[in-house]
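Q: quick one: sequence plus predicted model below, questions after.
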2 protein chains.
Amino acid sequence: MKGEILSTGDEVCSGSIADTNAAHIAAGLADTGITVTRHSCVGDDMNDLVAVLSEIGERSDIAIITGGLGPTVDDLTAEAAACAAGVDCVLDESALESIRRIFAKYSRTMASSDVKQAMLPAGAAPIFNLAGTAPGFIMVIGRCRCYFLPGVPREMERMLAASVIPDIISFQGDGGAITIQKQLSLFGLPEARVNDRLAGFSKRFPSVKLGMLARFPIIFVKLTAHSPMDGLPNGNYQAALEENISRAKEWAAARLGDSVFDVNGRSMEAVVGDLLIKNSATIAVAESCTGGLISHLLTNVPGSSDYFLFSGVTYANSAKMNVLCVEKETMDTFGAVSRETVRQMAAGVRRMSGATYGLATSGIAGPAGGTPEKPVGTVWVGVASEKREETIRFHSPFNDRLSNKQIFAMWALDALRKILTDL
Amino acid sequence: MKGEILSTGDEVCSGSIADTNAAHIAAGLADTGITVTRHSCVGDDMNDLVAVLSEIGERSDIAIITGGLGPTVDDLTAEAAACAAGVDCVLDESALESIRRIFAKYSRTMASSDVKQAMLPAGAAPIFNLAGTAPGFIMVIGRCRCYFLPGVPREMERMLAASVIPDIISFQGDGGAITIQKQLSLFGLPEARVNDRLAGFSKRFPSVKLGMLARFPIIFVKLTAHSPMDGLPNGNYQAALEENISRAKEWAAARLGDSVFDVNGRSMEAVVGDLLIKNSATIAVAESCTGGLISHLLTNVPGSSDYFLFSGVTYANSAKMNVLCVEKETMDTFGAVSRETVRQMAAGVRRMSGATYGLATSGIAGPAGGTPEKPVGTVWVGVASEKREETIRFHSPFNDRLSNKQIFAMWALDALRKILTDL
């Protein structure tokens, strides 16, 4: 079945707020086997609303529409839906009763404009709203089953889960689809190269859809398999789909080689954390150019206090000397951005914290501070353990501070990951 | 003039990622006086792409289309645009040359699939991409001037600002609007409360458009005034618009009170950095629950190495003792999350680094680790200077780690900001 999503409201259309509802709804529909073919957004304009609802009525099987159900003059959605379906709006007693209950619950008095929220297109079935005053409704426009929900994410999300998704599943009947999704996490290959390596995928695995999601500097490769909408009962598909997508994942992982750092779609910091736990190891970090980002990433993982001991963000050279015991002579001779300094930083933070591993960065994130020998984008990464010291120089092509911090942090975490994997 | 935005790509259409490009573009177009009447999003499907591009060609004056320009098999946008305009794709030599330059700059070898990115619809003018390999292009479909840009936000944003907006302004000619925009930065008021405080704004300032942009936990209040599209020459409007929007900004700032931390729309970390520079002061940070985020934010500001000396992310209690000289007895008696510990952390990091100010956090970001006395969401913030020590307890309603880290970091920076402002 084909689905669409329509977001309404001037604040979304003008860009004052980003439309996060659409992504939430699309992901929810995907789980029911509905393929979302289009999102649209129009402002609070009656002509635009009626036009887009009429188009959707011709085009799709299922649509979720958010926004414009409140009590104010620019809440036009119910009227527009009635117009697109060629009916009038009428007072829905059960919707009015639900609004009364919400006001009573919060001990608020109802304004006359609130009654407007119970005026629904004739023939619509209300969807009750437990978190706010505006009820939603279900109605058919053209050939499309349309679900109207409020635009407030908290209210919309509850109504979607409690009422809309179950209604869609029962509406689809036994032919409902199964969807299986697998994800690989990659670092170090540009998107075009990932694509070249995976050439021939769709010929080899025609029933598995290949997608790529870039979250700089990480790329996630997503594999999705749907069972057909009708045919055999679900049970017969499950095992076949599982086997097919597993073979596709193995093939893709083999092609992508060492850039795949996780075959379960996890983040780099979660993978590193997991390896530390498996090795009963702890970590301390000495950050210069990354300015705390490595620590922020590592501590985003719940439970990281079990292995993350300390990070020293030693921007000033005096801090490198006082906290990490980097020698003044080393910095004077080689500079703060050098193999020798980063080696002493990694060893120093490891020694002072008592951690199993010390991880250090020193580089030039920009936009200023580069020299011909050490241009913006240069970074040294150091890893120290009891038995091993490793230092690696990387160079990024970026000139902006945040991109460089992000890729520097990932190079550092990836260097540690490789060492932990090699053990 | 009427504008539209089209986002393409399965990952957006399926809800794997939220479409933040559309909001960014809509806000950018608003500055040029273009009214965005619709956003759409379709997946990587040739039929859907051609259909929606044809509709846009009939409906709008200007359109910005993002995504699907890369080298991969599911990058179909150029071909779909050619089909909608009834032309073929041809190799654009200048686009190919720009791709070659990017590869040379990054010392990478071009893959054969990269050449595909220079195949543009006949008659299209390339838009060069300085941050990535896929060029954009400008072409007319139907009656609509269409700007095609890559979907990667970093690349799209640069090309929009450098090429698209200037082209739209010159395309509009002398009848183009003047737009003046002012922005207030807020922290500490929920969106609904901001809205209540600003009730009556549009009646009082009918020619100024009010918008809100929530970037958790910060809210930006945006005020925009446009001159009419035709009529008097621009010069006559400029002064009147300036005066009107300045009065509106003053009124809004007065209503929003102390939650406004900047009247020029800057980030909290930029404001704090500026105050430190003005006071010839330096800062050192001791982070526990915020895990490096405060340091990451402070060091995102170019030039922060002038005032940011050191941060100790002291997750382990041993690190609090060894690096910051927090007394073991204090932690044993009061716990790591306590007024006494955070006071010693702030004083300790200030003393050891020689900074003017020490800023410290200790709390429970969750999801685990809460107790009845110190539930998840509890945080202590400490600020130390030579003359002053301040400790404040905050409590957030959130249970997720990242939200808590974000709001804890902002409470800490805001506490320092207030002290620096009071001087």
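A: It's in.

Q: could I get the phi/psi values of A:S311?
A: Main-chain dihedrals, A:S311, degrees, to the nearest 10: phi -140, psi 130.

Q: what do you get for A:I5?
A: phi -130, psi 130.

Q: distance check, it against A:E58.
A: 16 Å (C-beta to C-beta, to the nearest Å). Quick note: C-beta positions are derived from backbone N, CA and C, even for glycine.

Q: okay, these two: which has more neighbours?
A: Between A:I5 and A:E58, A:I5 has the larger neighbour count (other C-beta atoms under 10 Å in any protein chain shown), namely 28 against 10.

Q: not counting sequence-adjacent ones, nearest residue to the more buried one?
A: Closest residue to A:I5 apart from its sequence neighbours, by C-beta to C-beta, 6 or more residues apart in numbering or on different chains: A:H39 at 4.5 Å.

Q: what about the closest residue to A:P153 other than its chain neighbours, which helix or strand?
A: Excluding the flanking residues, the one nearest A:P153 by C-beta to C-beta, 6+ apart is A:N21, at 6.0 Å. In the assignment (DSSP states H and E), A:N21 maps to helix A:20-31.

Q: with A:R247 instead?
A: helix A:234-256.

Q: what helices and strands are in contact with that helix?
A: Here helix A:234-256 touches strand A:179-187, helix A:191-197, helix A:201-204, strand A:208-215, strand A:218-226, going by 3 or more C-beta pairs under 8 Å, 6 or more residues apart in numbering or on different chains; DSSP states H and E.

Q: again, 10 Å this time
A: strand A:179-187, helix A:191-197, helix A:201-204, strand A:208-215, strand A:218-226, strand A:260-262 (3 or more C-beta pairs under 10 Å, 6 or more residues apart in numbering or on different chains; DSSP states H and E).

Q: got a markdown table for these, with mean neighbour count and distance to chain B too?
A: Output for the helices and strands packed on helix A:234-256, formatted as a markdown table (neighbours: other C-beta atoms under 10 Å in any protein chain shown; distance: least, C-beta to the nearest C-beta, whole Å):
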| stretch | mean neighbour count | distance to chain B |
| --- | --- | --- |
| strand A:179-187 | 19 | 10 |
| helix A:191-197 | 20 | 4 |
| helix A:201-204 | 14 | 7 |
| strand A:208-215 | 18 | 5 |
| strand A:218-226 | 21 | 7 |
| strand A:260-262 | 21 | 17 |
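
Q: could these be laid out in CSV, adding mean pLDDT and distance to B:T282?
A: Formatted as CSV, the helices and strands packed on helix A:234-256 follow (pLDDT from 0 to 100; distance: least, C-beta to C-beta, whole Å):
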stretch, mean pLDDT, distance to B:T282
strand A:179-187, 90, 35
helix A:191-197, 83, 41
helix A:201-204, 90, 54
strand A:208-215, 80, 34
strand A:218-226, 86, 34
strand A:260-262, 97, 38
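
Q: circling back to that earlier point, list the buried residues for the helix holding A:R247?
A: A:Y237, A:L241, A:N244, A:I245, A:A248, A:K249, A:W251, A:A252, A:A253, A:R255, A:L256 (16 or more other C-beta atoms under 10 Å in any protein chain shown).

Q: now swap in stretch A:151-164 and tell me
A: A:G151, A:V152, A:E155, A:M156, A:E157, A:R158, A:M159, A:L160, A:S163, A:V164.

Q: on the three-state scheme, the fifth one is what?
A: Looking back up the chat, that one is A:E157. Secondary structure, DSSP: H, G, I helix; E, B strand; the rest coil: A:E157 is helix.

Q: the one 5 residues further on too?
A: Under the three-state scheme (three-state DSSP), A:A162 adopts helix.

Q: the next helix or strand after the helix holding A:N21 pairs with which strands?
A: For helix A:20-31, the succeeding helix or strand toward the C-terminus, using DSSP H and E, is strand A:35-42. Sheet pairing of strand A:35-42 (DSSP bridges) gives strand A:2-8 (parallel), strand B:35-42 (antiparallel).

Q: show me which of the buried residues of stretch A:151-164 is closest to chain B.
A: Using C-beta to the nearest C-beta, A:V152 is the member of the buried residues of stretch A:151-164 that sits closest to chain B, with 9.5 Å.

Q: sorry, back to before: just the C-alphas of the helix holding A:N21, formatted as CSV.
A: Taking Å, rounded to 0.1, in the frame of the first residue of the first chain, the C-alpha atoms of helix A:20-31 are listed here in CSV:
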residue,chain,number,x,y,z
THR,A,20,10.3,16.3,12.7
ASN,A,21,6.7,14.9,12.7
ALA,A,22,7.1,13.6,9.2
ALA,A,23,10.2,11.5,9.9
HIS,A,24,8.5,10.1,13.0
ILE,A,25,5.4,9.1,11.1
ALA,A,26,7.3,7.7,8.1
ALA,A,27,9.3,5.5,10.4
GLY,A,28,6.1,4.3,12.1
LEU,A,29,4.4,3.6,8.8
ALA,A,30,7.4,1.6,7.6
ASP,A,31,6.9,-0.8,10.5
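
Q: centre of the chain to that helix, how far?
A: Chain-centre distance of helix A:20-31: 12 Å, with C-alpha atoms, centre = their mean, to the nearest Å.

Q: with that, I have no additional questions.
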